[in-house]
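# from the sequence below, what's the structure:
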Amino acid sequence: MTAISRWSNDVPTAARQVLPLLGDRDTKVRQAAVQTFASWGTSVVPLLQVVRVDGPGAARAGALEALAEIGGEAVISARDIAALERLARIEIAGDRPVPLSCCFLSWIAVPTGDQAGVMEMLGLSQPHPVPFSGVYAADIDSHGGLDADPLDVYRRVFVTPELAGWTLVVGSWCDPSATERQNEVLEACERLSTRFGRAQAYWWSASQDGSAVLTAEDGVVVRRFGYFPGEDVQHLELGEPLAYEQQRRAALGLPALAADRVDTEEDADEWRWELLDLAPNLAGALGLNPLSIDASTPTRGIGKLALTEYGHRLGAPPGALRR
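Residues are numbered from 1 along each chain as shown. Below you'll find the predicted structure:
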């Protein structure tokens, strides 16, 4: 596979040689071929489009994945998009919720089953029905793989079906601590809580890089707080400590949080470990922990992959959904 990735001096010739590998029975070989085509970019789009129409048949699926990686919907035919939507509907029929386990998980949580109402209030557009694997698109985006513009990570979100009475909007766009987004996320949660009573926004790292939380009730932000090891987050802090924070302090044998209190180094260290998982744990205490969602979670409706205002302006991001 190393040889394939280096074979790029003569792209047209190399592409025709690598083309059969798009249908290779070995998954690793096939994926390496897809990524090689993706690295060649738009120059190979016409060839891949021909493969989708004329074959060879074994390479058609790989060609579609490569097209998705290169340019997304902009380079995929209407017929193929319709076929993908039919496949999605088939998969959705037997779909079951799974934990929303992303490396960097950002989400807005609203206690309602009104998915359409939530999307309308957030200005989301062009929603496509997708199975729960749609959350991986948000995960891929959060890694910053779209290099042309740092705002590209905010182009799309996954909107869950109703889960135990909640609708979650998942993607970096929901991060309450992001410099480019913190004010907008705060205002969005205020609007949502005016209509639905409550709204929350969270960021959490599976690699223990920290947590951030925002809670709003009846149109007012009650609390915003973040913890990122080694970083100063005082600019994020709003509101008084939540009852949950004080309860966790008491459970750990730590003094209550207070404006004039400074923890000892030992107490501060124990509290820092607690704060690393504050986002999912608080979400669970207030309603729904996305890491605990599974096939037994009461579900109604269908998940949607939707564009944000950035996606509406810049277009749907490239990339095939991981399954």
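
# where does the prediction get shaky in the stretch 101-250 of the chain?
Applying pLDDT under 70 to the stretch 101-250 of the chain flags the ranges 143-148.

# so where do the strands sit in this structure?
Taking DSSP state E, the strands of the chain run over residues 104-110, 125-129, 156-159, 162-163, 167-170, 198-205, 211-217, 220-227, 299-300, 304-307.

# for the fourth one, packing partners?
This means strand 162-163. Identification of packing neighbours for strand 162-163 by 3 or more C-beta pairs under 8 Å, 6 or more residues apart in numbering; DSSP states H and E yields strand 299-300. (Each C-beta comes from the backbone N, C-alpha and C, glycine too.)

# partner strands of the strand it packs on, parallel or antiparallel?
Take DSSP bridges as the rule and strand 299-300 pairs in its sheet with strand 162-163 (antiparallel).

# list the contacts for residue 261?
The contact partners of residue 261, by C-beta atoms under 8 Å, 6 or more residues apart in numbering, come to residue 255.

# before we move on, the earlier item: for residue 266, find the nearest of the strands of the chain.
Of all the strands of the chain, it is strand 220-227 that lies closest to residue 266, at 17.3 Å by C-beta to C-beta.

# how about the closest residue in space to residue 177 that isn't next to it in sequence: which residues does it bridge to?
Nearest residue to residue 177 in three dimensions, chain neighbours excluded: residue 212, at 3.7 Å (C-beta to C-beta, 6 or more residues apart in numbering). Beta-bridge partners for residue 212, by DSSP bridges, are residue 203, residue 226.

# quick check: residue 212 touching residue 279?
Yes - contact criterion C-beta atoms under 8 Å: residue 212 and residue 279 qualify, at 6.6 Å.

# care to break the protein down by domain?
By the record's domain assignment, the chain is partitioned as 2-76, 104-314 (automatic domain parsing).

# how far off centre is the first one?
Its chain's C-alpha centre lies 26 Å from the corresponding centre of domain 2-76 when counted by C-alpha atoms, centre = their mean, to the nearest Å.

# skipping adjacent residues, who's closest to the residue nearest the centre of the chain in space?
For the chain, the residue whose C-alpha lies nearest the mean C-alpha position (C-alpha atoms, centre = their mean) is residue 138; its distance is 2.4 Å. Setting aside the residues directly before and after it, residue 138 is nearest to residue 171 in space (C-beta to C-beta, 6+ apart), at 3.9 Å.

# burial measure for the one you found, as a count.
Counted with other C-beta atoms under 10 Å, the neighbours of residue 171 add up to 28.

# again with residue 39
Residue 39: 15 surrounding residues under other C-beta under 10 Å.

# now it: how far from residue 315?
Distance, residue 39 to residue 315, using C-beta to C-beta, to the nearest Å: 21 Å.

# what's the neighbour count on residue 89?
For residue 89, the neighbour count with other C-beta under 10 Å is 13.

# still on that earlier bit, residue contacts, the residue nearest to the centre of the chain?
Here residue 138 is in contact with 102, 106, 156-158, 170-172 (C-beta under 8 Å, 6+ apart).

# switch the cut-off to 7 Å
Residue 138 makes contact with 102, 157-158, 170-171, according to C-beta atoms under 7 Å, 6 or more residues apart in numbering.

# please name the residues that touch residue 104.
Residue 104 neighbours (C-beta under 7 Å, 6+ apart): 142, 205.

# let's number from 14 now, not from 1
Got it, first residue is 14 now, which makes that one residue 117.

# quick one, helices of the chain?
Ranges of helices within the chain are 15-19, 24-31, 40-53, 58-67, 70-84, 91-106, 128-135, 148-155, 195-209, 256-264, 278-289, 291-299, 322-327, based on DSSP state H.

# any idea which of these is most buried?
Highest mean neighbour count of those: helix 148-155, a mean of 23 (counted as mean count of other C-beta atoms under 10 Å).

# so it versus strand 117-123, what angle?
120 degrees (axes from the mean of the first three to the mean of the last three C-alpha atoms, to 10 degrees).

# ok, residue 286 to residue 114 distance?
Relative to residue 114, and taking C-beta to C-beta, residue 286 is found at 20 Å.

# cool, residue 65 as well?
For residue 65, the distance to residue 114 equals 33 Å [C-beta to C-beta].

# what's the burial count for residue 211?
By other C-beta under 10 Å, 19 other residues sit near residue 211.

# give the contact list for it.
Contacts of residue 211 by C-beta under 7 Å, 6+ apart are 124, 229-230.

# may I see the residues you listed arranged in a markdown table, with neighbour count and distance to residue 268 as well?
Shown next, in a markdown table, are the contacts of residue 211 (neighbours: other C-beta atoms under 10 Å; distance: C-beta to C-beta, whole Å):
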| residue | neighbour count | distance to residue 268 |
| --- | --- | --- |
| 124 | 18 | 32 |
| 229 | 26 | 28 |
| 230 | 16 | 27 |
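
# with respect to residue 317, which of those residues is nearest?
residue 124 (18.4 Å).

# tell me the mean pLDDT for stretch 266-284?
The pLDDT scores in stretch 266-284 average 90.
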